[in-house]
Each structure stands twice: as C-alpha cells, then as structure tokens.
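Enquirer: I'd like to go over a predicted model; first the sequence, then the structure.
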Amino acid sequence: MRRWDVSMPLAKGMPAFPGDPLYDREPVKSIARGDPYSVSRVTFGTHAGTHVDPPCHFIPGAATIDRIDLERLNGPCRVIGVPDATKRIGPAEVAAIPPRTERVLFRTANSARWKSRLAFFSDYASVGEDGARALIDRGVRLVGVDSLSVEEDSTGRFPVHHALLGAGALILEGLLLADVPPGEYEMHCLPLLLHDGDGGPARVVLTGP
C-alpha cells in the first residue's frame, strides 16, 4: 500500500488566495534563546493551504466545519487527470468520472506549476458553471481541486461555490497532486475541528496500491 500526502505545507511565504490572511509564525518560547521549551504563535486564515469549504462558507445558516460528517470526507475517491490545455473543467471532463463516484479530485496543470514553484498564480485551471452542474447531476458529493479556489470568477458572484455547496457537495481546495497518477484511491481528510468554522485547513492523504 502506497501513501501520497497531497497537503500544502503551512509556512511563511506560502501562497494565499488574494485578500485572505497570510500565514505567519512567531516564536514565543525558544530553547535556542535559553527557554526550557519551544512554543510558537501561528496565524493563518481558515482557507489557508489545503482546506475544506463547508456549506456555511457561502450559504447563510448552513453547516460549519465542525458539523461536517467525517464519513463524507473519508473513503474511496477518484483522481481525474485533466489535460494541461484545459482551463475550465466542464461536462466533457465530468463525463470521464465513473458512475457512482462520490469523491472526485481533479489533477490539472496547476499541480505541475505548484511543484515547480509554490506561489500564487491567477490563471489557474478551475471548474466552470456547466462543470459544477454536471458534477451535481452525476451525484458527486465532494469536489477536490489543485487550486486555492474551485472557480475563477471576476464578477464576485461565485456561482460554482453556490451551486456545489447549495446542492450539498463539499469542496476541497489547495491539493498538490503532481505525483499522483489518475485512478482510484482511499482518501483520508481531517480538517481542523474549528468551532463554527467557515473553513477547515486539513491534512489530506491518499492511499492505494
């Protein structure tokens, strides 16, 4: 059994979606400074790095991250390889998902770019509105992407988030999938248990043969 850690490290200088809080770590106690132990203060946004979008991220009064059933985040998943030239995942890419697949992770050209340099880029591949509708129609309950946002939207309406979360599907963003071949895996995803959290930074591991 092989194991792939597809999580983005939390570190100074890591990429963040524009407008989100930046990660920072400040030593409070330090053995190197003569303290008996080391402790640091860390600050980061609820959507830093690899993270889960719960429904309340866009749907008022909907479930927060601490109310998400972990069964929805853990179990069989399918990694779908998207051609590098594809900028918007639509019905054609969704059609490649095997029937009765509930958890889908899209590996696009984003992953290779992250592996080359872990810095934000605005021209990332994402899910289009028609792709979101196709995913819902296909019964997908979790959509994972190798970008810090499942959609690229300049209007501020965020239709893909609204469509997926409004239909009860969860969103997993910030995955690093460059080394993961397309195929079927077991996904292990544990977001931080943040009380009333509108997002959940997570460690995500895939296992497979």
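Expert: Here it is on my side, so go on.

Enquirer: contacts, neighbours, all on C-alpha from now
Expert: OK.

Enquirer: quick check: R3 touching V204?
Expert: No: using Cα atoms under 8 Å, R3 makes no contact with V204, being 10.5 Å away.

Enquirer: which residue of the two possesses the greater neighbour count?
Expert: Using other Cα atoms under 10 Å as the criterion, R3 and V204 rank with V204 on top: 22 against 14.

Enquirer: need the residues that contact stretch 112-119.
Expert: 14-15, 176, 178 (Cα atoms under 8 Å, 6 or more residues apart in numbering).

Enquirer: ok, 6 Å please
Expert: Stretch 112-119 has contacts (Cα atoms under 6 Å, 6 or more residues apart in numbering) with 15, 178.

Enquirer: do stretch 130-143 as well
Expert: Identification of contacts with stretch 130-143 by Cα under 6 Å, 6+ apart yields 89-91, 102-104, 160, 169-171.

Enquirer: could you pull up the mean pLDDT of it?
Expert: Averaged over stretch 130-143, pLDDT sits at 98.

Enquirer: please apply the same query to stretch 57-69.
Expert: Average pLDDT, stretch 57-69: 97.

Enquirer: output that stretch as CSV, nothing but the C-alphas.
Expert: In CSV, the C-alpha atoms belonging to stretch 57-69 read as follows (Å, rounded to 0.1, in the frame of the first residue of the first chain):
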residue,chain,number,x,y,z
HIS,A,57,-18.7,29.4,3.5
PHE,A,58,-21.3,30.8,1.1
ILE,A,59,-24.7,29.6,2.3
PRO,A,60,-26.0,31.6,5.3
GLY,A,61,-27.0,29.4,8.3
ALA,A,62,-25.6,26.2,6.7
ALA,A,63,-23.3,23.7,8.4
THR,A,64,-20.0,24.8,9.7
ILE,A,65,-16.8,22.8,9.5
ASP,A,66,-17.2,21.2,13.0
ARG,A,67,-20.6,19.9,11.9
ILE,A,68,-19.4,18.0,8.8
ASP,A,69,-19.7,14.3,9.0
